[in-house]
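Q: No sequence on hand, only this structure:
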């Protein structure tokens with residue numbers, strides 16, 4: 001990577017660390033890297049598979065993205081860190097138990113809905129009802145806290161109106177802040193134990209790369225792929241196929257449920273019929289194969305452009321895994 005590109009990566013990393021999470025996601029989704037070197041020309045494609053199963057898809061950014069099992073494990077580690085912080089102030093914190101895997105859930109398919117519904121068996125059985133067949137389990141309720149425990153957990157008094165508790169982007173910076181709150185004769189950490197647990201795991205030092213950095217690059221690649229002429233052409237063919245199947249006026253697979261008014265019955269007979277046609281048309285024009293090849297090419301470009309920041313991100317991710325191994 002050249003000096004100019006390295007400087008851009010460093011600036012991007014600093015901006016990502018400083019940005020609030022919501023703003024960060026919005027910025028990356030809008031394609032903040034569109035002006036970078038080589039970003040204007042459409043990339044060359046590798047092999048285009050015919051009708052690939054989404055479970056078999058592999059993208060460069062997968063190497064920097066936690067699996068569902070890893071996300072659950074990191075959640076457990078964060079809860080342990082929060083519990084240890086609360087214990088310093090004399091509180092026993094019951095960590096939130098991770099939700100049990102849905103009954104019947106198979107191997108993880110992290111790209112199942114990346115290009116809209118693509119599994120013919122799921123379409124025939126459930127239509128567009130993503131909660132069926134091993135959907136996402138409900139989030140467990142957080143434990144109830146006394147007023148004093150609430151202060152230590154959140155770094156603010158319960159019921160305070162307006163403003164936000166004092167916080168810092170990293171644990172190294174938080175150590176220099178005074179929250180103005182005490183408990184058990186000790187200063188309460190900025191943002192409380194909830195934020196301390198997050199910072200110790202995901203942002204221990206000033207050079208910590210934002211947790212959403214890899215996700216943001218994946219999202220940027222996806223947004224770029226939508227505008228790629230080869231995807232646009234394939235989508236037009238898919239739309240024409242849907243029109244012939246009796247579903248006119250639908251431009252992308254993401255619009256099907258809304259355009260057909262299926263929101264209230266995503267798994268009913270009407271939805272199943274539409275879903276089967278949707279998946280059949282994807283296979284007829286090889287939408288998933290073409291789109292996956294295009295998306296992979298854009299991810300490869302972004303991985304090259306942000307190689308140094310990603311290398312740091314991966315190093316810090318490995319450190320999180322080592323911490324997890326020592327705690328959970």
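A: Arrived safely, thanks for sending. Remember, it's a predicted structure, so these values are computed and weren't measured experimentally.

Q: switch to C-alpha atoms for all contacts and neighbour counts from now on
A: Fine.

Q: quick one: least confident helix or strand in this protein?
A: helix 21-29 (a mean of 37; mean pLDDT, DSSP states H and E).

Q: Where does pLDDT dip in the chain?
A: 1-39, 97-107, 133-141 (pLDDT under 70).

Q: Mind jotting down where the helices sit in it?
A: Using DSSP state H, the helices of the chain run over 3-18, 21-29, 68-88, 120-126, 147-154, 171-174, 192-202, 213-227, 229-244, 256-259, 269-285, 287-305, 307-327.

Q: Would you reformat those as TSV and include distance to residue 183 and mean neighbour count?
A: Shown next, in TSV, are the helices of the chain (distance: least, C-alpha to C-alpha, whole Å; neighbours: other C-alpha atoms under 10 Å):
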stretch	distance to residue 183	mean neighbour count
helix 3-18	29	16
helix 21-29	29	16
helix 68-88	9	18
helix 120-126	52	18
helix 147-154	7	20
helix 171-174	17	20
helix 192-202	11	23
helix 213-227	35	21
helix 229-244	58	19
helix 256-259	51	17
helix 269-285	56	21
helix 287-305	46	22
helix 307-327	25	16
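
Q: With distance to residue 184 added, can I get these in a markdown table?
A: What follows is the helices of the chain, written out as a markdown table (distance: least, C-alpha to C-alpha, whole Å):
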| stretch | distance to residue 184 |
| --- | --- |
| helix 3-18 | 32 |
| helix 21-29 | 32 |
| helix 68-88 | 8 |
| helix 120-126 | 54 |
| helix 147-154 | 10 |
| helix 171-174 | 20 |
| helix 192-202 | 14 |
| helix 213-227 | 37 |
| helix 229-244 | 60 |
| helix 256-259 | 54 |
| helix 269-285 | 58 |
| helix 287-305 | 48 |
| helix 307-327 | 25 |
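
Q: Check the gap between the most far-flung residue of the chain relative to its centre and residue 90 for me.
A: Centroid-distance maximum for the chain: residue 185 at 39.2 Å, with C-alpha atoms, centre = their mean. According to C-alpha to C-alpha, to the nearest Å, residue 185 and residue 90 sit 11 Å apart.

Q: Next: residue 195.
A: 18 Å.

Q: surely residue 208 meets residue 202?
A: Yes - using C-alpha atoms under 8 Å, residue 208 makes contact with residue 202 at a distance of 7.4 Å.

Q: Would you enumerate the residues in contact with residue 299?
A: Counting by C-alpha atoms under 8 Å, 6 or more residues apart in numbering, residue 299 touches 59-61, 217-218, 221.

Q: what about 7 Å?
A: Contacts for residue 299 (C-alpha atoms under 7 Å, 6 or more residues apart in numbering) come out as 60-61, 218, 221.

Q: How about residue 64?
A: Counted by C-alpha under 7 Å, 6+ apart, residue 64 has contacts 214, 314.

Q: And for the one 5 residues further on?
A: Under the criterion of C-alpha under 7 Å, 6+ apart, the contact list for residue 69 is empty.

Q: how near is it to residue 75?
A: Distance from residue 69 to residue 75, by C-alpha to C-alpha: 10 Å.

Q: do residue 315 as well
A: In terms of C-alpha to C-alpha, residue 315 sits 19 Å off from residue 75.

Q: Residue 112 too?
A: Counting by C-alpha to C-alpha, the separation of residue 112 from residue 75 is 23 Å.

Q: cool, residue 320 as well?
A: In this view, residue 320 and residue 75 are 11 Å apart by C-alpha to C-alpha.

Q: same question, residue 260
A: From residue 260 to residue 75 the distance is 38 Å (C-alpha to C-alpha).

Q: Next: residue 323.
A: Taking C-alpha to C-alpha, one finds residue 323 at 12 Å from residue 75.

Q: Could you list the residues in contact with stretch 154-171?
A: The contact list for stretch 154-171, computed with C-alpha under 7 Å, 6+ apart, reads 17-18, 147, 150-151, 174, 179, 188-194, 196, 199-200, 203-206.

Q: Using neighbour counts, pick out the buried residues of it.
A: By neighbour count on 16 or more other C-alpha atoms under 10 Å, the buried set for stretch 154-171 is 154-157, 166-171.

Q: In strands, which of these appear?
A: With strands taken from DSSP state E, there is no overlap with the buried residues of stretch 154-171.
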